[in-house]
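Undergrad: sharing a model that was predicted from the sequence below.
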Amino acid sequence: MYKLLKQEGMAKRGEFHTVHGVIQTPVFMNVATVAAIKGGVSTEDLEQIGTQVVLSNTYHLHLRPGDDVIYKMGGLHKFMDCKVPILTDSGGFQVFSLSENRRIKEEGVYFRSHIDGHKLFMGPEESMRIQSHIGSTIAMAFDECPSARADHDYVKMSVDRTTRWLRRCKKEMDRLNSLPDTINKDQMLFGINQGAIFDDIRIEHAKIISEMDLDGYAVGGLAVGESHEEMYHVLDIVTDHLPKAKPTYLMGVGTPANILEAVDRGIDFFDCVYPSRNGRHGHLYTKKGHLNLLNAKYELDSRPIEEGCKCPACRRYSRAYIRHLLKSGEMLGMRLCVLHNLYFYNHLMEDIRGALDEGRYKEFKKNTLDGFKEYDTEDSQFKYDIAKGWKKG
């Protein structure tokens, strides 16, 4: 059950009650694709840095270790000793990302495994069964994510099929939740709005899926080739047609600036691999912007990554030491950087919630965006763009 606590413009402050705990929103979900955060971060670490939700991937867990293994181990929460809610992506994004190894039919999608090339099939019913086996808190509906640059006719056909798949997902989940041997009989289902960058398709699809009375709604098919201005436009037109009394999830996005802008447009849930992926390469987020710890100027820097930060890395270690670990190829360096970045994201969301609680989100957003600046102006390989985030330049 979702409870809307406050609203400032389109920005929502809520709490989402699940069988595995209450989620305070807006929230960032830490991405544990194969039931682990890359970089040597444990579920105990996640608890300590304020993680509210973990995201794992149906397709990857189905391949390895196999959803049957997870089911026999009592579900994903027990398997990875996770004490917070878990959302599982449906495998639908792999329809997009594995485009060279799949065929889409009405019944579902025929894949070839990216691991060993063996044949796979996944449709709405299969995705629901795998996610039910996994026992996640929230299951995502199986969909196709068309390219942002696909033509109008193809996107319309794709979205119509995604709608039919959603109806099949809902029917199958209702059946699975009624079975006596189901691990999580309170598993929730989120539907996904698609439509590339076409206003008419996006709006029509949002209206149709809103009538299905799902547990939550996601906006998918963004950050897959369109500009950030186009992404924000899609959010502007779509969120107004999704239920305010249900959580809204922007899939796979994004940078701190993306999050601030999307909260302003009514988004509750976020996920992105940026904090862990960038952290493993020494690229760190701070309230003043980006820091590339591999730069030579940090070789003798005794300060923490960010002054005042209470993450495990900043509480004890210097930039110089962590840089040394990274340059030496030591796993500890990657682990500390990932912990810092995840802590930064989790506590950015905490600050966002606080600003919404106090009715000052507009001011908070402006001050936070204005506060971002480049640490590394001379030798960083990354440059910061306030709309697009960090990019090589």
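TA: Sure thing, it's come through.

Undergrad: isn't Ile197 right up against Glu226?
TA: Yes. Under the criterion of Cβ atoms under 8 Å, Ile197 makes contact with Glu226 at 5.3 Å. Yep, even glycine has a C-beta here, placed from its N, CA and C like the rest.

Undergrad: pull up the overlap in contacts between the two.
TA: Residues touching both Ile197 and Glu226 (Cβ atoms under 8 Å, 6 or more residues apart in numbering): 148, 234.

Undergrad: do a quick rundown of the helices in the stretch 101-250 of the chain.
TA: Counting by DSSP state H, counting those that start in this stretch, the segments of the stretch 101-250 of the chain that form helices are 124-134, 152-177, 199-210, 228-238.

Undergrad: ok, now which ones touch Glu204?
TA: By Cβ under 8 Å, 6+ apart, the neighbours of Glu204 are Gly195.

Undergrad: any idea how far it lies from Tyr2?
TA: 24 Å (Cβ to Cβ, to the nearest Å).

Undergrad: would you map the strands across the stretch 1-150 of the chain?
TA: In the stretch 1-150 of the chain, the segments counted as strands under DSSP state E, counting those that start in this stretch are 2-8, 11-18, 21-25, 27-31, 54-57, 86-89, 102-104, 109-112, 119-122, 138-140.

Undergrad: list the buried residues of the fifth one.
TA: Looking back up the chat, that one is strand 54-57. By neighbour count on 16 or more other Cβ atoms under 10 Å, the buried set for strand 54-57 is 54-57.

Undergrad: skipping adjacent residues, who's closest to the residue nearest the centre of the chain in space?
TA: Nearest to the geometric centre of the chain sits Asp271, at 1.6 Å (Cα atoms, centre = their mean). Spatial nearest neighbour of Asp271, excluding adjacent residues (Cβ to Cβ, 6 or more residues apart in numbering): Met29 at 4.1 Å.

Undergrad: the one you found: neighbour count?
TA: Residue neighbour count, defined by other Cβ atoms under 10 Å, stands at 26 for Met29.

Undergrad: residues contacting it?
TA: Neighbours of Met29 in contact, by Cβ under 8 Å, 6+ apart: 52-55, 87, 269-271.

Undergrad: widest-spaced pair of the residues you listed?
TA: Val54 and Phe270 (13.2 Å; Cβ to Cβ).

Undergrad: flag the helix or strand of the protein with the lowest per-element mean pLDDT.
TA: Least confident helix or strand of the chain, by mean pLDDT, DSSP states H and E, is strand 382-385 with a mean of 42.

Undergrad: still on that earlier bit, right, and the residue nearest to the centre of the chain touches Asn57 too?
TA: No. Between Asp271 and Asn57 there is no contact under Cβ under 8 Å: 10.5 Å.

Undergrad: look up how far Ser56 lies from the closest residue to Lys185 other than its chain neighbours.
TA: Leaving aside its chain neighbours, Lys185 sits nearest to Asn177 (5.0 Å; criterion: Cβ to Cβ, 6+ apart). Asn177 sits 19 Å away from Ser56 when distances are taken as Cβ to Cβ.

Undergrad: wait, is Leu260 part of a helix?
TA: Yes. Assessed with DSSP: H, G, I helix; E, B strand; the rest coil, Leu260 lies in a helix.

Undergrad: what about it, how many neighbours?
TA: 22.

Undergrad: how about it, nearest residue that isn't a chain neighbour?
TA: Nearest non-adjacent residue to Leu260 (Cβ to Cβ, 6+ apart): Lys365, at 4.9 Å.

Undergrad: report pLDDT for that neighbour.
TA: We have a pLDDT of 97 for Lys365.

Undergrad: wait, it touches Ile259, no?
TA: No. Using Cβ under 8 Å, Lys365 is not in contact with Ile259, being 9.9 Å away.

Undergrad: those two: which is more packed in?
TA: Ranked by neighbour count (other Cβ under 10 Å), Lys365 and Ile259 place Ile259 first, with 24 against 19.

Undergrad: so the more buried one makes contact with Phe270?
TA: Yes. Between Ile259 and Phe270 there is a contact at 5.5 Å, judged by Cβ under 8 Å.

Undergrad: overlap of the contact sets of these two?
TA: Common neighbours of Ile259 and Phe270 (Cβ under 8 Å, 6+ apart) are 26, 28, 253, 349.

Undergrad: residue contacts, Lys327?
TA: Per Cβ under 8 Å, 6+ apart, neighbours of Lys327: 294, 333.

Undergrad: try 7 Å
TA: Lys327 makes no contacts at all, as judged by Cβ atoms under 7 Å, 6 or more residues apart in numbering.

Undergrad: got a pLDDT number for it?
TA: 97.

Undergrad: same check, this time on Gln94
TA: Looking at Gln94, the pLDDT reads 69.

Undergrad: for Glu261, same thing?
TA: So Glu261 comes in at 97 (pLDDT).

Undergrad: tell me how many other residues surround it.
TA: 21.

Undergrad: hang on, it packs against Val234?
TA: No. If you go by Cβ atoms under 7 Å, Glu261 and Val234 don't touch, sitting 12.0 Å apart.

Undergrad: quick one: the residue nearest to the centre of the chain from Arg129, how far?
TA: 23 Å.

Undergrad: with Leu55 instead?
TA: 20 Å.

Undergrad: sorry, back to before: just tell me which of the strands of the stretch 1-150 of the chain ends up closest to Leu293.
TA: strand 27-31 (20.7 Å).

Undergrad: output the closest one as CSV, restricted to C-alpha atoms.
TA: Provided in CSV are the C-alpha atoms of strand 27-31 (Å, rounded to 0.1, in the frame of the first residue of the first chain):
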residue,chain,number,x,y,z
VAL,A,27,14.1,6.2,-2.9
PHE,A,28,17.1,5.0,-4.8
MET,A,29,17.4,1.2,-5.3
ASN,A,30,20.9,-0.2,-5.0
VAL,A,31,21.5,-2.5,-8.0
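
Undergrad: given it, what are its sheet partners and their directions?
TA: Paired strands of strand 27-31, with direction, are strand 54-57 (parallel), strand 269-271 (parallel) (DSSP bridges).

Undergrad: for Glu226, which non-adjacent residue is closest in space?
TA: Nearest to Glu226 is Ala148, by Cβ to Cβ, 6+ apart, at 3.9 Å.
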